[in-house]
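Q: build me a model from this:
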Amino acid sequence: MAPNGTNTAAPAASGDHMLTGAVTIQVNVFIFGLIGLIILFRLPGLIGFLRSNSGRPFLQTFGRNPPTPGNGGMTSNPVSAVSSLDLDYSQKTEKKIVVHDVHRPSYPGSQCPPHVPSTPKLLDPLLKLLHARVVPGYSALQIAILMNYTYILLYGAFRMSNPFTDNTRSAWLSVSQLPLIFALAQKSSILGTLLGYGYETLNYVHRYAGRLSILAGNIHSIYYIYKWTNAGTFIANISRPENAWGLVLLLAMDLLYVFSTEFWRRKAYNVFFWTHTIGVIVLFPAACLHRPALQPYAFACVGLYGLDRLLRAFKSSIATAKVTALPEMDMACLEIPTIISGWRAGQHVRLRILSGRMGLFGWAETHPFTIASAAGANDGLVLLCKRAGDWTGRLVDLSKELDSKVEGQGRLKVWIEGPFGGPSRMVFASFSAAVLIVGGSGITFGLSTVEELLAKDHNNQSRLKYIELVWVVPNPGSMSPLVPLFTSLIQQSESTVLKISVYYTRALTERVPVFEKMNATPCTPVAIFHPNLTLSPGRPNFKSILNKAVDSALGVSTVTGKDAFWVSGLAVGICGPLSLGEQVVKSVGDIDSATRYRVGGVEVHEE
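A: The predicted structure is shown next:
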C-alpha cells in the first residue's frame, strides 16, 4: 500500500524547515564573520586612538564643570582679538571669539599623539582605488561591501532552494536581518564603536539591508497572496489571526520603505520620522503574533532599541541657550555656556527647542547640528543653525525676534542629545598637515576642528605643521560676521601655520561689508586684514591646495621648530554638499603614489 500523503508531507516539511534554519544561521555567520574581520583590520586604529587621549570611543557625555585657567581650553578675550580690526559689522559676533594665552611652547614628543595609518603603506595604492567614487555618493569600497552583503543573501535564498516554490526561506532571511538593521540604526551604536564609524557613516548599509529585508518579506507575502487568490481562498485564509498579523507585518515593512526614500527624507522629514516610528512600533508585535518562532529576533530588536534609547537618555542634557541672530548668514547662533567639555571637533548633537514659540509640535522635533566650538572654550557649546526647512526657519526667525525685543541675547530652554559621530578614529593632530574643505554651513565643522587643533598645539599635543581651512560660499557677505573670528584664530597659531581661504561662487550684485574699504570689488584673491586670510572669486583649485599642503608638510619643519618629528601624513576633512565631496575626493585620488609615500599617506574624513 502506498504511504499516506499526509505522513510523507510532514517529514518533508520538517526537513525543509531544518535546512532553512541551518542556511539562515550560515548567512548570519558569514555576515558577522565579515564584520569581525573588518573590526580586526581596524584594530590598530583603535589602539592609536586610545593612545592619543582624544576621548572615549563610546558613551561620551558632556562635562559641566567650569574650565580652569591654563587647562588648554580657549579663554574668552574677544576685545583684544578684534580691537585693531575696526569692523563695525562685527559687534554682534565679537562675543563668540575665543582666544588662548600666547606663549611659545616646547615640543616634547611624548605628548604628541602617535600616528597610526588607517592602512599599511604597502596597501596604500589599494586604498586609493577603494576610495574612488563609482557612483555619486558611493566609493568602490562601499559598493564592494554592499555587493558582498547581497551575495551572502543570494546564497541564502538559492542554497538548495527555489525562491518561487520555497515559501519560507525568504521570510526567515528577511526577519533574520532585522537585528543587524537595528544595530546599524543606533545613534549610540556599539557596533559602530567596534567598527570605528559613526552611525551616519554606516547609514547607507542600514538603508540597503533594510530594503533587501523588505524585498525578501514581500517575496514571501506575494507567494501566498497569489496562491490564495488563484485558489479563491484569500478571504478565508487572511481571516486567520496569524495570517492577518502577517499582513499587518507586511504593511508595516512597506510603510517603512516607502516613506524612507530620499524624497521624504529631504522634503518632508517629519513624515519620514513619524512613519518610521509607527512602523517600528507595529513591527514587533506583528512579527510575534504572526509566528511565535520569530520572537527571538523581535526581542533582540527591542533590546537593541531599548539600549539605544537608554544610552541616548544618559547622554542628554537640558540647558538654557543664549540665542543670537546672524542675518548675514541666515543663521541662528546658540551658545550653551554650562556645557564646556565632552566632545570632539566634528561631532554633532541632536537639538530640541523646548518652547511653544517653535510651533504646536515644534518642541517634539529633534534636528542634528555640528558643534561649532572646541571643547574647553569658556563660551561653551556653540551651534550655528542655518535655515534649511520649516523648523530651522522658525528658529532663525525666533532668534531675530528675540534680538529685536531683548538687548543682547535672548534665551531658550533646549534639550541637547549627544555628542554623536565625528571623525571617528581619525586623529587630525597626529598628522603633519591638515586641509579642511567645507561648504556653506559646513563651516561649523571647520571652526571647531581648527579651534581644537590650535588648543592641542598650545598644549604640545599636536604634530601638525600646517593647517588650511577652505570655505566655499555663494556670497562673500557670509564671511563678514566671521572675519574677527578668522583673524583671531590666525593670530593664535603659534608653531602651526594656519591659513584660511574663502571662495565665493556667485557674481556680486551689491556691495558687501567686507569690501567697504576697497575702491572696487576685487576679481583676484585678496588678503583680508591678515596675509593668511584671503577671499577669492570662483571655485577653488583643490589639487593646487592639496599639493601646497603636501609641500608645507615636507618643508616647514625648520620654520616651526618641529623638525624632530617625522612626516606623518596629510589629513583631509570634508563637510559640505555631495558635489563638493566628490570633487575633493577626486583631487585626493589624483595625488601620485610617490608623493603619498613621501608625505606619509593621505587620509580623508568626510562628514
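Q: residue ranges of the helices in the stretch 201-350 of the chain, please?
A: Assigned by DSSP state H, counting those that start in this stretch, the helices in the stretch 201-350 of the chain fall at 234-238, 241-258, 262-267, 269-290, 295-314.
Q: again, but for the stretch 351-500 of the chain
A: Applying DSSP H, counting those that start in this stretch to the stretch 351-500 of the chain gives helices spanning 390-405, 443-458, 483-492.
Q: thinking again about what came up before, how about TSV for the helices of the stretch 201-350 of the chain, with mean neighbour count, mean pLDDT and distance to residue 540 added?
A: The C-beta positions use only the backbone N, C-alpha and C, and glycine is treated the same way. Output for the helices of the stretch 201-350 of the chain, formatted as TSV (neighbours: other CB atoms under 10 Å; pLDDT from 0 to 100; distance: least, CB to CB, whole Å):
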stretch	mean neighbour count	mean pLDDT	distance to residue 540
helix 234-238	13	94	61
helix 241-258	18	95	39
helix 262-267	12	87	26
helix 269-290	17	92	31
helix 295-314	15	92	38
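Q: would you put the C-alpha positions of stretch 304-319 in PDB?
A: Taking C-alpha atoms only, stretch 304-319 is exported to PDB below (Å, rounded to 0.1, in the frame of the first residue of the first chain):
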ATOM      1  CA  LEU A 304      18.800  47.000  20.900                       C
ATOM      2  CA  TYR A 305      16.300  49.800  20.500                       C
ATOM      3  CA  GLY A 306      15.800  50.000  24.300                       C
ATOM      4  CA  LEU A 307      19.600  50.000  24.900                       C
ATOM      5  CA  ASP A 308      20.000  52.800  22.400                       C
ATOM      6  CA  ARG A 309      17.300  54.900  24.000                       C
ATOM      7  CA  LEU A 310      18.800  54.300  27.400                       C
ATOM      8  CA  LEU A 311      22.200  55.400  26.300                       C
ATOM      9  CA  ARG A 312      20.800  58.400  24.500                       C
ATOM     10  CA  ALA A 313      18.900  59.500  27.600                       C
ATOM     11  CA  PHE A 314      22.200  59.100  29.600                       C
ATOM     12  CA  LYS A 315      23.900  61.400  27.000                       C
ATOM     13  CA  SER A 316      21.100  64.100  27.100                       C
ATOM     14  CA  SER A 317      21.200  67.400  28.800                       C
ATOM     15  CA  ILE A 318      18.600  70.200  29.400                       C
ATOM     16  CA  ALA A 319      20.100  73.600  29.400                       C
END
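Q: what sits up against it?
A: Here stretch 304-319 makes contact (CB atoms under 8 Å, 6 or more residues apart in numbering) with 59-62, 64, 179, 182-183, 185-190, 280, 336, 338-339, 354, 413-419.
Q: just the buried residues of the residues you listed.
A: 60-62, 179, 182-183, 185-189, 280, 336, 338-339, 414-419 (16 or more other CB atoms under 10 Å).
Q: any idea how far residue 27 is from residue 538?
A: Counting by CB to CB, to the nearest Å, the separation of residue 27 from residue 538 is 52 Å.
Q: coming back round to it: is it possible to get CSV of the helices of the stretch 351-500 of the chain that adds mean neighbour count, mean pLDDT and distance to residue 290?
A: Shown next, in CSV, are the helices of the stretch 351-500 of the chain (neighbours: other CB under 10 Å; pLDDT from 0 to 100; distance: least, CB to CB, whole Å):
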stretch, mean neighbour count, mean pLDDT, distance to residue 290
helix 390-405, 17, 87, 37
helix 443-458, 26, 92, 45
helix 483-492, 23, 90, 57
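Q: can you redo these as TSV with distance to residue 113?
A: Putting those into TSV (distance: least, CB to CB, whole Å) gives the following:
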stretch	distance to residue 113
helix 390-405	36
helix 443-458	8
helix 483-492	20
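Q: re earlier: nearest to residue 365, out of the helices of the stretch 201-350 of the chain?
A: Closest approach to residue 365 among the helices of the stretch 201-350 of the chain (CB to CB): helix 269-290, 6.8 Å.
Q: just want to know which of residue 27 and residue 538 has more residues nearby.
A: Taking other CB atoms under 10 Å, residue 27 and residue 538 do not tie; residue 27 has more neighbours (21 against 12).
Q: give me phi/psi at that one?
A: Residue 27 has phi and psi values of phi -60, psi -50 when expressed as degrees, to the nearest 10.
Q: let me see the contact set for it.
A: So residue 27 contacts 152-153, 155-156, 173, 176 (CB under 8 Å, 6+ apart).
Q: are any of those residues buried, and which?
A: 152-153, 156, 173, 176.
Q: mind picking out the helix or strand in this structure with the poorest mean pLDDT?
A: Ranked by mean pLDDT, DSSP states H and E, the weakest helix or strand in the chain is helix 78-82, scoring a mean of 33.
Q: who does the helix or strand that that one is followed by touch, helix- and strand-wise?
A: Once the chain leaves helix 78-82, the next helix or strand it forms, by DSSP states H and E, is helix 124-131. Packed against helix 124-131 by the contact rule (3 or more CB pairs under 8 Å, 6 or more residues apart in numbering; DSSP states H and E) you find helix 140-158, helix 578-589, helix 593-599.
Q: so where is the stretch 301-450 of the chain shaky, pLDDT-wise?
A: The model of the stretch 301-450 of the chain has pLDDT under 70 over residues 406-409.
Q: try 80
A: The model of the stretch 301-450 of the chain has pLDDT under 80 over residues 359-362, 377-379, 404-409.
Q: part of a helix, is residue 536?
A: No: assessed with DSSP: H, G, I helix; E, B strand; the rest coil, residue 536 is strand; it does not lie in a helix.
Q: that one contacts residue 505, doesn't it?
A: No: at 10.3 Å, residue 536 does not count as touching residue 505 under the criterion of CB atoms under 8 Å.
Q: can you map out the strands along the stretch 401-550 of the chain?
A: Using DSSP state E, counting those that start in this stretch, the strands found in the stretch 401-550 of the chain span residues 410-420, 433-439, 466-473, 497-504, 526-527, 533-537.
Q: now residue 39: closest residue in space, sequence neighbours ignored.
A: residue 194 (5.1 Å; CB to CB, 6 or more residues apart in numbering).
Q: okay, and that neighbour sits in which element?
A: helix 190-195.
Q: what about that helix, distance to the chain center?
A: Offset of helix 190-195 from its chain centre (CA atoms, centre = their mean, to the nearest Å): 14 Å.
Q: can you check stretch 307-322 too?
A: That offset, for stretch 307-322, works out to 18 Å (CA atoms, centre = their mean).
Q: kindly report the same for stretch 341-349.
A: Using CA atoms, centre = their mean, the mean C-alpha position of stretch 341-349 is found 11 Å from that of the whole chain.
Q: residues near the closest residue to residue 573 other than its chain neighbours, how many?
A: Among residues not flanking residue 573 along the chain, residue 436 sits closest, at 4.4 Å (CB to CB, 6+ apart). Look at residue 436: counted by other CB under 10 Å, it has 27 neighbours.
Q: I'd say residue 436 and residue 448 touch.
A: No: in this structure, residue 436 is not within contact of residue 448 by CB under 8 Å, at 10.0 Å.
Q: about what we covered before: reformat the buried ones among the contacts of residue 27 as TSV; add distance to residue 584 and pLDDT.
A: Conversion of the buried ones among the contacts of residue 27 to TSV gives the following (distance: CB to CB, whole Å; pLDDT from 0 to 100):
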residue	distance to residue 584	pLDDT
152	33	96
153	33	95
156	38	93
173	38	95
176	39	95
